[in-house]
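In: Fold the following, please.
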Amino acid sequence: MLKRIKNLNFSRIPTFVERVHKNSDKCKLSIYFDMASCALKYGAGYVDYTIFGMYDMSAAERRQLITREKNNNYVKYLNPAEHRKEFSEKHLFLKKYSDQIGRDWLYLPDADEGQIAAFFEKNPVFMAKTLDGMCGKGIEKLNVADFGSVEELKAKLDADNQPLVEEIITQHPDISRIHPHAINTVRICTLKDADGNPHIVFACMRFGRGESNVDNFNAGGMSAVVDFEKGVLMGRAIDKGGDLFAAHPDSNVTFDGVEIPFWKEAAETVLTAAKMSEHIRYVGWDVAITPTGPVLVEGNEFPGHDLFQLHGQLDENKGILPVFDAIVPYSEVLAGIKK
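Out: Take a look at the predicted model:
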């Protein structure tokens, strides 16, 4: 608790208190006290309190949330630190899951001049990435024609610490009609039980906005919940600021009821990939839907919990801890990390 308090960004708290005040008309002082109470009782930070709408929940509803502390504990227990490298370093991930990647890629430090020249000739427009970028940071679309030579391009990638280059994914037209400028990915979270069997516990689809070529929720994008039994979008999309959208603001396509192409294949892809990870049991997979089927974009060994229970998307205050509990009980998690 002392460590958590020490790491708090106190300058941001008033902004979130003001946001809650506007949404609820609750007294600001009572909001401060309730935030502190939720931190102690449920392991919820002030961001959790705000984006999950904890100010509008009963105690029973609050107990069903996957809060920051609970999510961290699941990761700590299920994903041993010494095995996370296969996900946290993107080139290792691409190598291991090459059958599910479905596109060209090159890790420049391991490539010779001929391989580098061949990649850029085949992929004159490509994506450049850092190895450990998060929240859409470190990702850039580049055009070989904008550089005087391959050497100049290579120098730029070295200077910006972007050693990974990838073929651009072609998105399914049914997804592009919603937002064409970004590859709008499905986030599918899997959890493996004690016998190593993977289960889908949550899914959502992220969409870019405006001219942005990234869909990340923390980089200006928005998220819509997926009914992972049917493969359709539910309710409204929401952005990081808590604004709700029945339809995408750029295309006016209504989110609710949109069918995700190749959903069955997408689910099978992540379940197969989850089985391949011997030591990591809790993963957030990012899947792109192409005209010919799903491809893995990346896997996250520390899935962000902020997408799970965003307030106002659906018509009920419903946390997903019971879904996790049915596969890996939180009591087991707590007992495991205390050993």
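
In: following the lowest-mean-pLDDT helix or strand in the chain, which helix or strand comes up?
Out: Lowest mean confidence among the helices and strands of the chain (mean pLDDT, DSSP states H and E): helix 2-7, at a mean of 59. Going down the chain from helix 2-7, the next helix or strand is helix 13-24, by DSSP states H and E.

In: Flag every buried residue along that following helix.
Out: Neighbour-count burial for helix 13-24 flags 13, 16-17, 20-21 (criterion: 16 or more other Cβ atoms under 10 Å). In short, each C-beta sits where N, CA and C put it, glycine included.

In: In stretch 158-170, which residues are buried?
Out: Going by neighbour count (16+ other Cβ under 10 Å), the buried part of stretch 158-170 is 162-167, 169.

In: repeat for stretch 326-339
Out: Neighbour-count burial for stretch 326-339 flags 327-328, 330, 333 (criterion: 16+ other Cβ under 10 Å).

In: distance between the ends of stretch 273-285?
Out: 9 Å (Cα to Cα, to the nearest Å).

In: Which residue ranges of the stretch 201-339 of the chain form strands?
Out: Along the stretch 201-339 of the chain, the segments classed as strands by DSSP state E, counting those that start in this stretch run 222-227, 232-239, 244-245, 282-290, 293-300.

In: Quick one: closest of these to I183.
Out: Closest to I183 of those is strand 282-290 (Cβ to Cβ; 5.0 Å).

In: Now do the contacts for Y97.
Out: When contacts are counted by Cβ atoms under 8 Å, 6 or more residues apart in numbering, Y97 touches 273, 276, 296, 299.

In: Please give me every residue in contact with N184.
Out: Residues in contact with N184 (Cβ under 8 Å, 6+ apart) are 171, 175, 178, 205-208, 215, 288.

In: mind giving me TSV with the buried residues of stretch 158-170 and columns for pLDDT and secondary structure?
Out: Below are the buried residues of stretch 158-170 laid out as TSV (pLDDT from 0 to 100; DSSP: H, G, I helix; E, B strand; the rest coil):
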residue	pLDDT	secondary structure
Q162	93	coil
P163	92	coil
L164	93	strand
V165	95	strand
E166	94	strand
E167	94	strand
I169	93	coil
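
In: Tell me which two in those residues are the farthest apart.
Out: Using Cβ to Cβ, the two most remote members of the buried residues of stretch 158-170 are P163 and I169, lying 19.4 Å apart.

In: Name the residue most distant from the centre of this structure?
Out: G148 (36.0 Å; Cα atoms, centre = their mean).

In: so that residue, which of the three states?
Out: Counting by DSSP: H, G, I helix; E, B strand; the rest coil, the backbone at G148 sits in coil.

In: quick revisit: of the contacts of Y97, keep whichever come out buried.
Out: The neighbour count (16+ other Cβ under 10 Å) marks 273, 296, 299 as buried among the contacts of Y97.

In: nearest to S98, of these?
Out: Within the buried ones among the contacts of Y97, proximity to S98 (Cβ to Cβ) peaks at L296, which comes in at 9.6 Å.

In: list the contacts for the nearest residue to that closest one once chain neighbours are set aside?
Out: In space, and not counting its chain neighbours, L296 is closest to Q100: 4.3 Å by Cβ to Cβ, 6 or more residues apart in numbering. Residues near Q100 by Cβ under 8 Å, 6+ apart: 269, 272-273, 295-296.

In: Repeat that for A273.
Out: Neighbours of A273 in contact, by Cβ under 8 Å, 6+ apart: 97, 100, 283, 285, 296, 299.

In: do you know how far the fifth one is from D160?
Out: Using Cβ to Cβ, to the nearest Å, one obtains 24 Å as the distance from L296 to D160.

In: and what of the fourth one?
Out: Here the criterion is Cβ to Cβ. By it, W285 lies 27 Å from D160.

In: Mean pLDDT for the strands of the stretch 201-339 of the chain - can I get that in a markdown table?
Out: Listed next are the strands of the stretch 201-339 of the chain as a markdown table, based on pLDDT from 0 to 100:
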| stretch | mean pLDDT |
| --- | --- |
| strand 222-227 | 95 |
| strand 232-239 | 95 |
| strand 244-245 | 94 |
| strand 282-290 | 97 |
| strand 293-300 | 95 |
